[in-house]
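# Sequence first, then the predicted structure:
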Amino acid sequence: MAEIVTTTTDAPVPLRSLPMKTIKPLLREPRVVIAGGFLLLLLLIAIFAPYIAPKDPLEQDLMLGNMPPATSAGAEPGYYLGTDDLGRDVLSRVLYGSRIALTVAFVAASLSAIIGTLMGLAAGWYGGWADRIISRLVDIWMAFPPVLLSVLLVAVLGSGLHSVIAAIVIIDWTRFCRVVRAETMAQAQLDYVMAAETIGFSRSHILWREILPNVAPVLIALVSLEMGIAVIVEAILSFVGLSLSSDIPTWGGMIAQGRQMIHQGWWVFVFPLIALFATVLAFNQLGNGLRKALDPVMRR
Amino acid sequence: MTASDLLNRLFMAVLTLLGVAVIVFCLLRIVPGDPIAMMISPSATPADIAALRAHYGLDLGLPQQFGIWFMDVLKGNFGTSISQRRDVMELIGERLPATLELAFAALVFGVVAGGVIATLGTLARRTALDPALDFINGLFLAVPDFVWALALVLLLGVFWPVFPLSGRIDPTLSTYFHTDFYLIESLVTLNFSAFGDLIAHMVMPMLALGLPLAAIVVRTLKEALAEAMVQDYVLLARLKGMSPLRLVLQEALRNAVGPTLTLTGVQFTFMIGGTVIVERIFSYPGLGNMAIDAVINRDLPLIQGIVLTFGAIFILVNILVDLIAGWLNPRGAVHG
């Protein structure tokens, strides 16, 4: 893996100097700024949803079922994106849906990253039987179709937010493990690691203070990509009807509902799909932008 | 790859499959919801329930249950589906062809579309088209099959309804077939009305699965081609006056195809995994769609059979990819 070779002079960056040194190149990468800005906005929407949403997302009004969006003829004033078959406001439900999506994204991606990184570091740094067991485990995991496994896990764990997050973590820790393992092995070959060994640093000191900071850029980019994947998995589980109770507005649940009545009203289907698409795209572009901005070789 | 390497890989494959079997078996024993409770009538007595449990072997200990089930699996007996009361092997055999036909159609589409676009992109190097293509491809790379499937439902199913939205074939045409490989059979027997109908049903799920693959092929092949195009032998051919198109197709492509093929193989396994949700969205009667129903119905024998089938396919594809990669590049042994 030639592309991740760092020069020995700037390799073991002291942790203190990291922020200023990393933030500047990040802001020069347009994908990071645009996608990051969008996700920040989405985060604010999720936090302040009760103040932003024009209606209560759960309030049904059967007299106002299947109202089209404001641009169409026959729209009901105040329901900008129309209503679903139960007369619930689509805009409010899409805004509230960001709460579940972002919660799943942050929690599931962070937990997968922590578990996968620990396993990957252990396999890549200590090698031997630890590597053999962990690699075998990853092989077994890779032989499962991920969507089927997530559906199966939620069936086992029972539906609900916790189960969805647990299912994503149980499936996706391998993504981090594989990359971190390979990266750790590559780093272990570099001069700075040998230098640290010569000075007499302990194995664990080198792992946490020297190697981990150098694996971090790849890791951060991967976390962002994983957040996008987590949003999709939650939507898939909601779509299949296994994620959360239908009372809680989720994009996947709305899409599934809209799919059933797509010929009566496209808007119930389209708007959550747009929200889902934009969010996944943003996480993906942020991840790729971060990877480029943080990689010292690609930056040149 | 030498013969001993291959033997080693096969041994590892069996070990992996055994791991998959153990995990799925253990997982399913902790599923809440009693499968027996879902199949009995409310008037059944406790004695009836106990008899039924004994009939399905659910009264034994876990290791014994696993032992019995696994020995049966080795004999090719996956048990009886609880929800459909039919042989699991038979059910999988009926559904697998539909999934395989869909996956191969998507594979062909992804490779052909990706190959053509990568070639055009290479011809358009250093023009305004090139960065535009990279940008659009970047967007395509970010969209997963699930989102494609939903977008296609909207575009080609509702707003511009040219293709049927669900199913595999018009029910009036399906009685005609003798095998479950409808697409191949209709082609072999020259039944073009059925073939056309099958293709029309397949277009949307195939696009949903094939478009992400095409995007990956474009990126990988374009990078490999760009590298090949500056090699000496390509420059030499150009000096000899070879046309740009022939240059790409005859000289560069031959040397750039290796890495793309390996990656395509890896992506193909992901794509087979993707059939699960895509089949669901288009009500396509394949293995993945049946798998989700099986989970919802708590049909343990059927779930076990399907998961093992998928696992076996994944491992087989991976070994094939390694074999092809080793055959293409005999110098460096490839280790997964």
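Thanks, I have it.
# Pick out the residue nearest the middle of chain B.
B:I272 (1.7 Å; C-alpha atoms, centre = their mean).
# Just list the residues touching it, thanks.
B:I272 makes contact with A:P145, B:T99, B:A103, B:F310, B:I313, B:F314, B:V317, according to C-beta atoms under 8 Å, 6 or more residues apart in numbering or on different chains. Yep, even glycine has a C-beta here, placed from its N, CA and C like the rest.
# looking at this, the second one is in a helix?
Read that as B:T99. Yes: using DSSP: H, G, I helix; E, B strand; the rest coil, the secondary structure at B:T99 is a helix.
# Double-check it against B:R280; I have them as touching.
No: the criterion here is C-beta atoms under 8 Å, and B:T99 misses it with B:R280 at 12.0 Å.
# burial measure for the nearest residue to A:M63 once chain neighbours are set aside, as a count.
Spatial nearest neighbour of A:M63, chain neighbours left out: A:G87 (6.7 Å); criterion: C-beta to C-beta, 6 or more residues apart in numbering or on different chains. Neighbour count of A:G87, defined by other C-beta atoms under 10 Å in any protein chain shown: 18.
# just A:F106 next, same as before
Around A:F106 there are 15 residues (other C-beta under 10 Å).
# Which residue is the nearest non-sequential neighbour of it?
A:M227 (6.9 Å).
# my guess is A:I211 is in a strand, correct?
No: with three-state DSSP as the criterion, A:I211 is helix rather than part of a strand.
# what about it, distance to A:S150?
Separation of A:I211 from A:S150 (C-beta to C-beta, to the nearest Å): 32 Å.
# Who has more neighbours out of those two?
A:S150 (27 against 23).
# That one against A:S238, yeah?
No: using C-beta under 8 Å, A:S150 is not in contact with A:S238; the gap is 11.6 Å.
# quick one on the thing from earlier: just the buried residues out of the contacts of B:I272, in PyMOL syntax.
Here is the PyMOL command that selects the buried residues among the contacts of B:I272 (16 or more other C-beta atoms under 10 Å in any protein chain shown):
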select buried, (chain A and resi 145) or (chain B and resi 99+103+310+313+314+317)
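# ok, the contacts of B:I272 vs B:M71, which is closest?
B:M71 lies nearest to B:F310 out of the contacts of B:I272, by C-beta to C-beta, at 21.4 Å.
# Can you get me a residue count around residue 88?
Chain wasn't specified; assuming chain A. 23.
# Oops, wrong one, chain B.
By other C-beta under 10 Å, the residues close to B:V88 number 25.
# Can I take it that B:L58 is in a strand?
No: counting by three-state DSSP, B:L58 is not part of a strand but coil.
# Distance of it relative to B:S41?
For B:L58, the distance to B:S41 - C-beta to C-beta - is 18 Å.
# distance of the nearest residue to B:L129 once chain neighbours are set aside from chain A?
Distances taken as C-beta to C-beta, 6+ apart put B:G121 closest to B:L129, at 7.6 Å, once the chain neighbours are dropped. Counting by C-beta to the nearest C-beta, to the nearest Å, the gap from B:G121 to chain A is 19 Å.
# quick one, what contacts the residue of the stretch 51-200 of chain B found nearest chain A?
At 3.8 Å from chain A, B:A142 is the closest residue in the stretch 51-200 of chain B, using C-beta to the nearest C-beta. Residues in contact with B:A142 (C-beta under 8 Å, 6+ apart) are A:G228, A:V280, A:L281, A:N284, A:Q285.
# Give the closest residue to the second one in space, chain neighbours not counted.
Taking C-beta to C-beta, 6+ apart, and ignoring the residues beside it in sequence, A:V280 has A:G228 as its nearest neighbour in space, at 4.6 Å.
# List the buried residues in stretch B:157-166.
By neighbour count on 16+ other C-beta under 10 Å, the buried set for stretch B:157-166 is B:G157, B:F163, B:P164, B:L165.
# rewinding a little: quick check, the residue nearest to A:V280 in contact with A:L276.
No: counting by C-beta under 8 Å, A:G228 stays clear of A:L276, with 10.1 Å between them.
# So if I had to pick from these two, which one is more boxed in?
A:L276 (25 against 22).
# shouldn't that one be in contact with A:V233?
No: counting by C-beta under 8 Å, A:L276 sits too far from A:V233 to count as a contact (11.6 Å).
# can you count the residues close to B:V147?
Close neighbours of B:V147, defined as other C-beta under 10 Å, add up to 20.
# dump the residue contacts of it.
Contact analysis of B:V147 by C-beta under 8 Å, 6+ apart lists A:I232, A:L273, A:L276, A:F277, A:V280.
# Go through the strand or helix carrying the second one and flag the buried ones.
Assessed by DSSP states H and E, A:L273 sits inside helix A:267-294. Within helix A:267-294, the residues scored as buried using 16+ other C-beta under 10 Å are A:267-273, A:275-277, A:279-294.
# packing partners for it?
On a contact count with 3 or more C-beta pairs under 8 Å, 6 or more residues apart in numbering or on different chains; DSSP states H and E, helix A:267-294 meets helix A:18-27, helix A:30-47, helix A:90-121, helix A:212-240, helix A:251-260, helix A:296-299, helix B:129-142, helix B:145-152.
# Dump these into TSV; add mean pLDDT and distance to B:I49 as well.
Listed next are those as TSV, based on pLDDT from 0 to 100; distance: least, C-beta to C-beta, whole Å:
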stretch	mean pLDDT	distance to B:I49
helix A:18-27	68	62
helix A:30-47	92	47
helix A:90-121	94	39
helix A:212-240	91	30
helix A:251-260	87	34
helix A:296-299	51	63
helix B:129-142	87	51
helix B:145-152	92	40
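# and of these, who's closest to B:D5?
Evaluated with C-beta to C-beta, the helices and strands packed on helix A:267-294 place helix A:90-121 nearest to B:D5, the distance being 25.6 Å.
# got the angle for the closest one vs helix A:30-47?
Compare the direction of helix A:90-121 with that of helix A:30-47 by axes from the mean of the first three to the mean of the last three C-alpha atoms, to 10 degrees and you get 120 degrees.
# Could you name the helices and strands sitting against helix A:90-121?
If you count contacts as 3+ C-beta pairs under 8 Å, 6+ apart, helix A:90-121 packs onto helix A:30-47, helix A:49-52, helix A:161-188, helix A:212-240, helix A:251-260, helix A:267-294.
# Now the helix or strand encompassing B:G305: buried residues?
Using DSSP H and E, B:G305 falls within helix B:300-328. By 16+ other C-beta under 10 Å, the buried positions in helix B:300-328 come out as B:300-315, B:317-319, B:321-326.
# repeat for stretch B:165-184
Neighbour-count burial for stretch B:165-184 [16+ other C-beta under 10 Å]: B:L165, B:R168, B:I169, B:L173, B:D180, B:F181, B:Y182, B:L183, B:I184.
# from these, which ones fall inside helices?
B:Y182, B:L183, B:I184 (DSSP state H).
# count of neighbours near the residue nearest to B:Q304 when sequence neighbours are not counted?
Spatial nearest neighbour of B:Q304, chain neighbours left out: B:V24 (5.7 Å); criterion: C-beta to C-beta, 6+ apart. The local packing of B:V24 (other C-beta under 10 Å) involves 22 other residues.
# Touching, B:V24 and B:I303? I think so.
Yes: between B:V24 and B:I303 there is a contact under C-beta under 8 Å: 7.2 Å.
# Contact partners for the residue nearest the centre of chain A?
When C-alpha atoms, centre = their mean is applied to chain A, the residue found nearest the centroid is A:M227 (0.2 Å). Applying C-beta under 8 Å, 6+ apart to A:M227 gives the contacts A:A105, A:F106, A:A109, A:F283, A:G287.
# Next to chain B in this structure, residues from the stretch 101-250 of chain A, please.
A:136-137, A:139-140, A:142-149, A:151-153, A:155-156, A:158, A:228-229, A:232, A:235-236, A:239-241 (C-beta under 8 Å from any C-beta of the partner chain).
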